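In: My questions are about this predicted structure, shown below with the sequence.
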Amino acid sequence: MAANVFTPWFLAQLLACALCASVTVHLVRRRSEVGAVWLLLCAGLAGGYAAASLLGTLVSRPESALALRRFGVWLWTGSSLAGLGVALAYAGIGSGSGTRDRILRWGGATASLLLLTWVALADGRLIPEVLLMELGAREGFAPGVGPGQGLHRGLVAGAVLAATGVLGVQLAQAPGQGLRLVAALTAPVLVLGAVLTPWLLPGSIPPWIDPVSIAQVLVVAILGHGLLGSGPLGMEPVARSAVVEEMEDAVLVLGRDGRIVDLNRTARDRLGLRRRGPLPVEIGTLWASSWEALRRDGVPITSRVELELPHGVDVPFELGMTPLGPRAGRGRTVLVLRDITERERMEQELRRASESLYYLANTDALTGLVNRRRFTERLEEEVERAQRYDRPLALVLLDLDHFKKVNDTWGHPTGDRVLEATAEALRRVLREMDLAGRLGGEEFAILLPETDATGAAALGERVRREIRDTVHRSDAGAPFHVTASLGVSWLSPGDDPDGEALLSMADRALYGAKAGGRDRVVSKRIPVAAGLSA
């Protein structure tokens, strides 16, 4: 052992080991987050590197110090590669299921394995010997420099710089990430500074101390608490590109020429689109027609588009188009396509349910005609319209004659069939603009817009004959007929009575038809003064 090993540098290495253990515990607690597994691997290798470097200052045999130092170089290499894996995982690069992502994953794994194998086999070219150095009262083992060390440090520095570039791009794209960006850029500076300091400032660090191991642990601490921390230095746990890549919505970025500049996994796998490939005609047409408005106003535009997917199914999408600003490349457009099949299905079901409720609330269940409440509403609406535009309007009340006798003689089921047949008779005679309703029991009403007294009386006669000529049959098959009495009232242009007065006068006319012998039509006009005593 060195005579005076407990120096501040030795304590720094000891603290680095303790710090790495603390970071490892922190990462284990958050191991389910993006990049945490890579960070754990990076922390484990960096901690092993620091421990090997620490032990290398304590052993007394040069061969043991040499073995520890060479093993530390292997751990340093692995930790740097794991740091690059952290950055790629955080950015979502290579995490998708596409061909490019598979190539990146397998290519990166193969290159890393080859580099680690080379480090393990060529350790003699990296650290060829151990020199015993005596510096005053202190002595220790310092490594020599092999011919392959420059290439090795260049490869490691390349991995560190690549990781820094990926993290820097991700954080630079997010607003309010200035402090975090500085932290991400500071981490590799520590490693590069530790590597270059012995060369740039000879004698500033004892030759048996490896400052790179301390710097590597600090980098792991910054990344561990920065990427997965919750304090002021805590970065977003998931990078924006990773979020976009994993979105269920298809995301496209279009260039000025309308071709695809970038896209996410959903756009590739589900829509079958490719980078620099053409847009579907439906999307391209909408984008081209909206481009001027997007460029001029800078306001997102939302449209509905139906696309045929690669498996031949037409699917509706909600297409949102957002113009990008200068930071992301002016002239580019982000398109987000959201599958709205389920939403439209639910909306359709809701419409059907609403229509069904409306039908049940306004329709007579037996005959399918409107019920009394809805007929009264329409009567008031038509009276108001007729008076506003000085148009004629007529109302016919209809009551089946001796209907109680039908029920008593043939039974209520037969009576229900008579009511249904009466409703069908009305449908055969009435115009599309007319409205027929069942007011209750055997009483029906007919609303005749744009119809004067003569037209209403003529239609009433047609209805009366249609009902009289309809053949009904009992449950036993016996044929029979029913007749109806009808009362007609009307409004002429300029009249101002309300719907209640019109209905009351039609009811008086119906009473007159009953009193006159039934099976007939009686018309009564509302007096000009709207008095009902006449």
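Out: It's in. Fair warning: this is a prediction, and the values are worked out from it, not measured in the lab.
In: sec struct for Leu11, please.
Out: Of the three states, Leu11 takes helix under DSSP: H, G, I helix; E, B strand; the rest coil.
In: burial measure for it, as a count.
Out: Other residues near Leu11 come to 10 when the count uses other C-beta atoms under 10 Å. For glycine as for every other residue, the C-beta is placed from the backbone atoms N, C-alpha and C.
In: from what I can see Pro479 touches Val471, true?
Out: Yes. When contacts are counted by C-beta atoms under 8 Å, Pro479 is listed as touching Val471 (5.3 Å).
In: And Pro527, how far from Asp507?
Out: Applying C-beta to C-beta, to the nearest Å, the value for Pro527 to Asp507 is 15 Å.
In: same check, this time on Ile340
Out: Taking C-beta to C-beta as the measure, Ile340 falls 53 Å from Asp507.
In: next one: Val59
Out: 117 Å.
In: which of those two has more neighbours?
Out: Using other C-beta under 10 Å as the criterion, Val59 and Asp507 rank with Asp507 on top: 19 against 16.
In: Name all residues that make contact with the nearest residue to that one once chain neighbours are set aside.
Out: Excluding the flanking residues, the one nearest Asp507 by C-beta to C-beta, 6 or more residues apart in numbering is Leu397, at 5.9 Å. Contacts for Leu397 (C-beta atoms under 8 Å, 6 or more residues apart in numbering) come out as Leu439, Glu443, Phe444, Ala445, Ile446, Leu486, Gly487, Leu503, Ala506, Asp507, Ala509, Leu510.
In: Phi first, then psi, for the fourth one.
Out: In other words, Ala445. phi -140, psi 150 (degrees, to the nearest 10).
In: give me the number of residues near it?
Out: The number of residues packed near Ala445 is 26, by other C-beta under 10 Å.
In: same deal with the fifth one?
Out: Look at Ile446: counted by other C-beta under 10 Å, it has 26 neighbours.
In: Confirm Arg276 sits in a helix?
Out: No. Counting by three-state DSSP, Arg276 is located in no helix; its state is coil.
In: residues contacting it?
Out: Arg276 makes contact with Arg259, Ile260, Val261, according to C-beta under 8 Å, 6+ apart.
In: Using the three-state scheme, assign Thr302.
Out: Three-state call for Thr302 (three-state DSSP): strand.
In: so what's it scoring on pLDDT?
Out: Looking at Thr302, its pLDDT is 86.
In: same deal with Gly441?
Out: pLDDT at Gly441 comes out at 92.
In: cool, and Ile446?
Out: 96.
In: try Leu252
Out: Note for Leu252: predicted pLDDT of 88.
In: Tyr90 now?
Out: Here the pLDDT value assigned to Tyr90 is 68.
In: ranges for the helices of the stretch 351-500 of the chain?
Out: Under the criterion DSSP state H, counting those that start in this stretch, the stretch 351-500 of the chain carries helices at the ranges 372-389, 403-410, 412-429, 453-469, 499-515.
In: winner for burial among these?
Out: Of all those, helix 499-515 has the most neighbours on average by mean count of other C-beta atoms under 10 Å, namely a mean of 20.
In: Which other helices and strands does that one contact?
Out: helix 372-389, strand 393-400, strand 484-491, strand 521-523 (3 or more C-beta pairs under 8 Å, 6 or more residues apart in numbering; DSSP states H and E).
In: before we move on, back to that, out of the contacts of Arg276, list just those in strands.
Out: By the criterion of DSSP state E, membership of those in strands covers Ile260, Val261.
In: partners of the longest strand along the chain in the sheet?
Out: Taking DSSP E as the criterion, the chain has its longest strand at strand 314-323. When pairing is defined by DSSP bridges, strand 314-323 lines up against strand 301-308 (antiparallel), strand 333-339 (antiparallel).
In: most packed of these?
Out: For the strands paired with strand 314-323, the largest average neighbour count (mean count of other C-beta under 10 Å) is found in strand 333-339, namely a mean of 20.
In: then that one to CSV, C-alphas only?
Out: Coordinates of each C-alpha in strand 333-339 appear next as CSV, following Å, rounded to 0.1, in the frame of the first residue of the first chain:
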residue,chain,number,x,y,z
THR,A,333,-47.3,21.6,-40.6
VAL,A,334,-48.1,19.1,-37.9
LEU,A,335,-51.0,16.8,-38.7
VAL,A,336,-52.7,14.8,-36.0
LEU,A,337,-55.2,12.1,-37.0
ARG,A,338,-57.4,10.7,-34.3
ASP,A,339,-59.6,7.7,-34.9
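In: Tabulate the helices and strands packed on helix 499-515 (TSV), appending mean pLDDT and distance to Arg304.
Out: Below are the helices and strands packed on helix 499-515 laid out as TSV (pLDDT from 0 to 100; distance: least, C-beta to C-beta, whole Å):
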stretch	mean pLDDT	distance to Arg304
helix 372-389	93	34
strand 393-400	96	42
strand 484-491	95	46
strand 521-523	95	54
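In: picking up where we left off before, least reliable of the strands paired with strand 314-323 by average pLDDT, please.
Out: strand 301-308 (a mean of 87).
In: Distance of Gln387 relative to Pro278?
Out: Distance of Gln387 to Pro278, computed by C-beta to C-beta: 61 Å.
In: err, Arg385, not the other one
Out: Taking C-beta to C-beta, one finds Arg385 at 55 Å from Pro278.
In: now do Val28
Out: When distance is defined by C-beta to C-beta, Val28 is 48 Å away from Pro278.
In: What of Arg256?
Out: Per C-beta to C-beta, Arg256 is found 15 Å from Pro278.
In: for Leu486, same thing?
Out: In terms of C-beta to C-beta, Leu486 sits 69 Å off from Pro278.
In: what about the two, which has more around it?
Out: Legend: neighbour count by other C-beta under 10 Å for Leu486 and Pro278, higher for Leu486 (27 against 12).
In: so what's that one bridging to?
Out: Taking DSSP bridges as the rule, Leu486 bridges to Leu398, Val521.
In: list the contacts for it?
Out: Counting by C-beta under 8 Å, 6+ apart, Leu486 touches Val396, Leu397, Leu398, Asp399, Gly460, Val463, Arg464, Leu510, Ala513, Arg520, Val521, Val522.
In: For stretch 341-361, the averaged confidence score.
Out: So the average pLDDT for stretch 341-361 ends up being 90.
In: Not counting it itself, show me its contacts.
Out: Val315, Pro316, Arg374.
In: Pipe the residues you listed into CSV and attach distance to Glu347 per row.
Out: Putting these into CSV (distance: C-beta to C-beta, whole Å) gives the following:
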residue, distance to Glu347
Val315, 15
Pro316, 11
Arg374, 25
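In: May I have stretch 458-469 exported as PDB, CA atoms only?
Out: Output in PDB follows, covering the C-alpha atoms of stretch 458-469 (Å, rounded to 0.1, in the frame of the first residue of the first chain):
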ATOM      1  CA  ALA A 458    -113.600  17.900 -49.400                       C
ATOM      2  CA  LEU A 459    -110.800  16.200 -47.600                       C
ATOM      3  CA  GLY A 460    -113.100  15.400 -44.700                       C
ATOM      4  CA  GLU A 461    -115.500  13.700 -47.100                       C
ATOM      5  CA  ARG A 462    -112.700  11.600 -48.500                       C
ATOM      6  CA  VAL A 463    -111.600  10.600 -45.000                       C
ATOM      7  CA  ARG A 464    -115.200   9.700 -44.100                       C
ATOM      8  CA  ARG A 465    -115.700   7.500 -47.200                       C
ATOM      9  CA  GLU A 466    -112.300   5.800 -46.700                       C
ATOM     10  CA  ILE A 467    -113.200   4.900 -43.100                       C
ATOM     11  CA  ARG A 468    -116.700   3.700 -44.100                       C
ATOM     12  CA  ASP A 469    -115.400   1.500 -46.900                       C
END
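In: Run through who's touching that stretch.
Out: Applying C-beta under 8 Å, 6+ apart, the external contacts of stretch 458-469 come out as 396, 398, 400, 422, 425-426, 428-430, 446, 448, 451, 481-484, 486, 488, 519-521, 523.
In: surely Arg69 meets Ala52?
Out: Yes. Applying C-beta under 8 Å, one finds Arg69 in contact with Ala52, separated by 7.3 Å.
In: Run through the stretch 151-300 of the chain and note the low-pLDDT ranges.
Out: Residue ranges of the stretch 151-300 of the chain with pLDDT under 70: 151-153, 170-180, 195, 198-210, 224-243, 298.
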